[in-house]
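Engineer: Quick one, what's the 3D model for this:
(chains A and B)
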Amino acid sequence: MADMKTSDAVLVMTEATKAFGGLLAVKDFNLSLPRGSLQGLIGPNGAGKTTAFNLITGIIPLSSGSVEFKGERIDGLEPFEVTRLGIARTFQNIRLFSNLTVLDNVRIAYHAHAGYSLADSILRTKRYARNEKELTDKAIDFLSIFKLEDIADEVAKNLPYGQQRRVEIARALACDPTLLLLDEPAAGMNPREILELMELIHFIKDRFDLTILLIEHQMRVVMGICEYLTVMDFGEVIARGTPREIQDNETVIEAYLGKGAGKSAAS
Amino acid sequence: MELGYLIGTIVKMVALVAWIYGLFWGLGRKRIWQKAATLVLAFAVIQAVIWTKIGNFALFSAFDQGLLFQAITMTMVVLGLNLIYGFNGQFSLAQWGFYGIGAYCAADITYRWTNGDPSGLIVVGLGVILGAAALGGVAKLLKKKRGIPVLSAFTFYLFALVAVGVLSVWLGSLISPLFVPLFGTPDAPGALASPIALQAAFFLSVLFAGAFAAEVSFLFGLPVLSLGSDYFGIATLGFAIVVKTLLVNSDTILPFKEMKGGRGMLGIPKLTNWAWAFIFLVLVLVIIRNFVRSSTGRATLAVREDEIAARAMGIDVAGNKLLSFVVGSFVAGIGGAIYAHYMGFLAPASFDFIAGFNPLIIVVFGGLGSMTGSIVASFGWIFFLEGFLRILLGQFGTDAPSWRFVLYPITLLLLMLVRPQGLLGTIEWGFFKADVLRKRLTGALGGLSRGTKAEKAGE
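Structural biologist: Here you go, the predicted model:
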């Protein structure tokens, strides 16, 4: 798979539009993510970034336009089907299964590939025993990649914030995605945690051969790790380019700081 | 004398809890022969107690046995409800309705059977088997076409099941006359009139009743589960009312003369004995526990914790909700069937939705998400409320036992204040414990180490 289309776009959104009543939350949104890229999606609050994520993952249906993943239309699919195709995401406000252990959080992500049916588990067949053991071992190995194996039987809600983020990212990766969507991964983190997060993102990208799209407000993260940025405001793309280009873009500065701010900031 | 009886009741309650603990501890052992020995022993202990009579005094009187069977049927309903409400997070009031459906369905089968008519067993049996096949077939067809709205899917399933219903009634009317001669006459009973055949019919009737309740719950749950949790609760309340109304009018708007509507169904053979009750109790325990302790069970928990995150993890949330609802209703149906054959009499009033709050209270009382809690609370509830309190309050006059319906809500209130997570919280005993994760870095061994810590804790 990897050898065939290395340069192909993993995700292509064409003219994606979402209207909530008369409000166009996302309008004619175009996006193309080359394989192995790490792109950022930024914009002021309410610009429609998270809506764009929800359109990709199928949580809300498109009004018009299309979303293609590895050359296949995925708009109209159920969110769980989208995930099974290989798109995983994290959430702006962490959505761990808070009363379950870290291990179970990860094992849940394996559910689609558990390899045994409900009948197997009711009858406790050999297949159940083998696959369940395999799955558990795999989950523990997986946690050890993120240095989380020591807290595997900790209940998720008892973890500190930074670690919850780590678990959430680990859980998303356990879905075995090719495309990872991170929704404000650095929100609420202190500078040290942000540094760790940036390292982690680089690490997982190489290790799991991922394409990553992230929404972020922290300019440090965006400028530090993204190769390419798409800027949104009021549901529309207002600029695209490398972080350096975006930094000097008048329209972007205006969107963030208001009219006239560009000149005073430049002077 | 009465004081002695009261103390005796307390002793019995404590002994039963100890028995439950022992059963679960034994079933939680690793080796298969240990589990088997536990089952035999657990069965034999109670059977011995039932048989023991010291002079005129029965150690475990008919009254106590009745409580035991009620506790077991309640356990089944409550475990199913805990799966739906405690583990999957769907507030359901419909379980009492499925309990009623199971009770009447099984009762009708054996009632007809004892009157020399095999049509009940044949029609229901054909119905549930063909129905399951039809549901599977429709599901397969619907899978091919994506994006079908829930209500359209529901219509397909509904038509399929109605067609199967008509078909099985027709086939039943063709087939059953062939078997009628096998029942013989009262003077010369045939092969099917033998007690063994009756027991077999009873066994099948219980399973079919469960399956029937499950298929009804599938049809009902499919459109209704897509509602949000609160709305789902209201809809299930409606379902419970519909079931009761149908049962009250079973001889007028439904074609079942033998159910006698609101007057109550008489003459159901009393086939529930300790052996059958125990077998079906273990069956239900195993089904529920194996469901919860599996990948599907974890997905069920994930749906309760956070539906959006569950969907993002590749879990079919709607399918999972439906699955736990169907399994929960299946065991409720089995519970109803056992209840019907213990009572020998069914009145629609027992399946009123008000009574349907009892399992709900027990689930919360025992601890949402604790299977052990559900079981202990069911036994405790029946033996305390119907056994102990009734006798204790009986000392203060003939009307005094009604005070127990004042006392138990107060108990409930106090418990909720002191222990909002329920009697047992999420504590589980032996058999029901989750896989205990050993602290191991390599993950090389152990795997399913369920029972390692449990054994230590148990000793």
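Engineer: give me every residue that touches residue B:65.
Structural biologist: If a contact means CB atoms under 8 Å, 6 or more residues apart in numbering or on different chains, then residue B:65 has B:50, B:274 as its contacts. The C-beta positions use only the backbone N, C-alpha and C, and glycine is treated the same way.
Engineer: Swap in 10 Å and give it another go.
Structural biologist: B:46, B:49-50, B:58, B:272-274, B:277, B:342 (CB atoms under 10 Å, 6 or more residues apart in numbering or on different chains).
Engineer: just checking, residue A:203 touches residue A:145?
Structural biologist: Yes - using CB atoms under 10 Å, residue A:203 is in contact with residue A:145, at 8.9 Å.
Engineer: nearest residue to residue B:172 other than its sequence neighbours?
Structural biologist: residue B:123 (3.6 Å; CB to CB, 6 or more residues apart in numbering or on different chains).
Engineer: ok but that neighbour is inside a helix, no?
Structural biologist: Yes - assessed by DSSP: H, G, I helix; E, B strand; the rest coil, residue B:123 belongs to a helix.
Engineer: Can you get me a residue count around it?
Structural biologist: Residues lying near residue B:123 (other CB atoms under 10 Å in any protein chain shown) number 23.
Engineer: ok, back up a step: quick one: buried ones out of the contacts of residue B:65?
Structural biologist: By neighbour count, with 16 or more other CB atoms under 10 Å in any protein chain shown, the contacts of residue B:65 hold B:46, B:49-50, B:58, B:272, B:274, B:277, B:342 as buried.
Engineer: can you list the residues of the stretch 151-267 of chain A near chain B?
Structural biologist: A:152-153, A:156-157, A:168, A:171-172, A:174-177, A:181 (CB under 10 Å from any CB of the partner chain).
Engineer: Swap in 6 Å and give it another go.
Structural biologist: Listed as neighbours of chain B in the stretch 151-267 of chain A under the rule CB under 6 Å from any CB of the partner chain: A:152-153, A:175.
Engineer: Name the nearest of the contacts of residue B:65 relative to residue B:143.
Structural biologist: residue B:277 (39.6 Å; CB to CB).
Engineer: now the closest residue to chain A within the stretch 51-200 of chain B: how far from residue A:77?
Structural biologist: Using CB to the nearest CB, residue B:147 is the residue of the stretch 51-200 of chain B that sits closest to chain A, at 5.9 Å. Using CB to CB, to the nearest Å, residue B:147 is found at 9 Å from residue A:77.
Engineer: Tell me which of the two has more neighbours.
Structural biologist: A side-by-side neighbour count of residue B:147 and residue A:77, using other CB under 10 Å, places residue A:77 first with 20 against 8.
Engineer: Can you give me the neighbour number for residue 126?
Structural biologist: If you meant another chain, say so; for now it's chain A. Burial of residue A:126 is recorded as 10 neighbouring residues (other CB under 10 Å).
Engineer: oops, I was thinking of chain B
Structural biologist: 20.
Engineer: sec struct for it, please.
Structural biologist: helix.
Engineer: and it, what does it touch?
Structural biologist: Applying CB atoms under 6 Å, 6 or more residues apart in numbering or on different chains to residue B:126 gives the contacts B:168, B:171.
Engineer: Check the gap between it and residue B:169 for me.
Structural biologist: The value you get for residue B:126 to residue B:169, if CB to CB is used, is 9 Å.
Engineer: What of residue B:309?
Structural biologist: Distance from residue B:309 to residue B:169, by CB to CB: 46 Å.
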